[in-house]
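A.B. asks: got a structure for you, letters missing:
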Ligand SMILES: CC[C@H](O)CC(=O)C(=O)O
Ligand SMILES: [Mn+2]
């Protein structure tokens, strides 16, 4: 029997950007893109962690403008497709046009799980420019399977080539993934992808659950480099999928080498599940809030875990990074009041 093909989408140079505070240099982007292209990934995504246009005071400034990184990566890619992420409102149609001119062939239009309608024009415009367009639903743990189907259909009707379900908070367990992907599989006519975060240590297990329910595009990053406790570790993902009999087209030894020789040396901290990243998963908080929370905790002399619990309680979603400081400020005020009472 022919092996099922699984397309591996690498987002080291995009989700990994969160983990290095958006400090990738052109040389690093070139080396990583070249390595990923050689090992056979289907799509190489590169952008500021919060997508094109994300470099800002709210999300953190990029060390090197992302369009320079995109141009650098473009020169090194021969086989994979070059992709970017765009959050409508953070990135604009003009940013997308510029990325296209610089060689991007794929755009993943990312919206909160209940807000696909704000991405319709971006999907349509990308298709008009000849790009592959993907509807990327974030924070899917917050949406029922039925809501996800409804929102995916909005993207499908706009012309999206596939739908990506993202467990942005790394909060899902395999049954959550199975339930959502299986209903989606029965309900839409385009392929399905899955994007995991490892905050509960389930990124690989959840990715496998997605594949078993019919997802054919799976995200990974070298060494797991990404927001929070990171993403599904690409070299592990490829090895596990291979062992399960799927065809990823990935050179597994090559993937190990890219992770070990090119990505690991530029990592700023080990990609581990420490207390704060575990709390992201446990409380269902956006993974990219982690480093912003550390900074706020230091500034207001708080335990990062307390800030994360409060962010989870308030159901903050992607894009609300400014609320981290707000929450930290009010917790610090409360602490002061309690000390004086
Ligand atoms: C802020 C964009 C975000 O990092 C996209 C993503 O990777 C996710 O939702 O997990
Ligand atoms: Mn992510």
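C.D. replies: Alright, I've got the coordinates. Computed from a predicted structure; not experimentally measured. Ligands and ions are numbered 1, 2, ... in the order given.
A.B. asks: Just the local confidence number for residue 52, please.
C.D. replies: pLDDT for residue 52: 98.
A.B. asks: what's near enough to touch it?
C.D. replies: Taking CB atoms under 8 Å, 6 or more residues apart in numbering, we find residue 52 in contact with 66, 84-86, 91, 95-96, 98-99. No exception for glycine: its C-beta is placed from N, CA and C like everyone else's.
A.B. asks: again, but for residue 242
C.D. replies: Residue 242 touches 248, 250, 252, counting by CB under 8 Å, 6+ apart.
A.B. asks: Mind picking the one among the residues you listed that's closest to residue 215?
C.D. replies: Nearest to residue 215 among the contacts of residue 242: residue 248, at 12.8 Å, using CB to CB.
A.B. asks: so how many other residues sit close to the one residue in the chain that gets nearest to ligand 1?
C.D. replies: Nearest residue of the chain to ligand 1: residue 168, at 3.2 Å (CB to the nearest ligand atom). The tally of other residues near residue 168 (other CB atoms under 10 Å) stands at 32.
A.B. asks: same deal with residue 161?
C.D. replies: Residue 161 has 18 nearby residues by other CB under 10 Å.
A.B. asks: now it, nearest residue through space, not along the chain?
C.D. replies: residue 132 (4.9 Å; CB to CB, 6 or more residues apart in numbering).
A.B. asks: Now do the helices in the stretch 1-150 of the chain.
C.D. replies: 15-19, 26-39, 66-76, 93-101, 120-128, 145-158 (DSSP state H, counting those that start in this stretch).
A.B. asks: which of these sits most buried?
C.D. replies: helix 15-19 (a mean of 29; mean count of other CB atoms under 10 Å).
A.B. asks: which residues are contacting that one?
C.D. replies: Outside helix 15-19, the residues that touch it by CB under 8 Å, 6+ apart are 24, 45, 47-50, 62, 195, 219, 221-222, 225-227, 230-231, 263, 267-269, 271, 287-288, 290-291.
A.B. asks: Please repeat the previous calculation with a cut-off of 6 Å.
C.D. replies: With contacts defined as CB atoms under 6 Å, 6 or more residues apart in numbering, helix 15-19 is touched by 48-49, 221, 225-227, 231, 288.
A.B. asks: Please list which of the residues you listed are also close to ligand 1.
C.D. replies: 49, 227, 288 (CB under 6 Å from any ligand atom).
A.B. asks: Save the residues you listed as JSON lines, and put in neighbour count and pLDDT too.
C.D. replies: Listed next are these as JSON lines, based on neighbours: other CB atoms under 10 Å; pLDDT from 0 to 100:
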{"residue": "49", "neighbour count": "28", "pLDDT": "97"}
{"residue": "227", "neighbour count": "28", "pLDDT": "97"}
{"residue": "288", "neighbour count": "26", "pLDDT": "93"}
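A.B. asks: circling back to that earlier point, any chance of CSV for the contacts of helix 15-19, columns secondary structure and distance to residue 275?
C.D. replies: Below are the contacts of helix 15-19 laid out as CSV (DSSP: H, G, I helix; E, B strand; the rest coil; distance: CB to CB, whole Å):
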residue, secondary structure, distance to residue 275
48, coil, 27
49, coil, 22
221, strand, 22
225, coil, 20
226, coil, 18
227, coil, 16
231, strand, 20
288, helix, 18
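A.B. asks: any chance of these in a markdown table, with distance to residue 79 too?
C.D. replies: Below are the contacts of helix 15-19 laid out as a markdown table (distance: CB to CB, whole Å):
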| residue | distance to residue 79 |
| --- | --- |
| 48 | 25 |
| 49 | 25 |
| 221 | 19 |
| 225 | 22 |
| 226 | 23 |
| 227 | 27 |
| 231 | 22 |
| 288 | 29 |
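A.B. asks: for residue 219, phi and psi?
C.D. replies: phi -80, psi 150 (degrees, to the nearest 10).
A.B. asks: List the contacts of it.
C.D. replies: 9, 11, 195.
A.B. asks: nearest spatial neighbour of it, skipping sequence neighbours?
C.D. replies: residue 195 (4.1 Å).
A.B. asks: Local confidence estimate at that neighbour?
C.D. replies: On pLDDT, residue 195 comes in at 98.
A.B. asks: cool, and residue 271?
C.D. replies: On pLDDT, residue 271 comes in at 93.
A.B. asks: repeat for residue 341
C.D. replies: Residue 341 is given a pLDDT of 79.
A.B. asks: just to revisit the earlier point, bridge partners for the residue nearest to residue 219, pull those for me.
C.D. replies: On the basis of DSSP bridges, residue 195 is bridged to residue 166.
A.B. asks: Now do the contacts for it.
C.D. replies: Residues near residue 195 by CB under 6 Å, 6+ apart: 164, 166, 219.
A.B. asks: Let me have the contacts of residue 219 in a markdown table, extended by distance to residue 202.
C.D. replies: A markdown table is the format used below for the contacts of residue 219 (distance: CB to CB, whole Å):
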| residue | distance to residue 202 |
| --- | --- |
| 9 | 19 |
| 11 | 18 |
| 195 | 13 |
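A.B. asks: Which members of these additionally contact ligand 1?
C.D. replies: Checking those against ligand 1 (CB under 6 Å from any ligand atom), the matches are residue 195.
A.B. asks: shaky segments in the stretch 151-300 of the chain?
C.D. replies: Applying pLDDT under 70 to the stretch 151-300 of the chain flags no residue at all.
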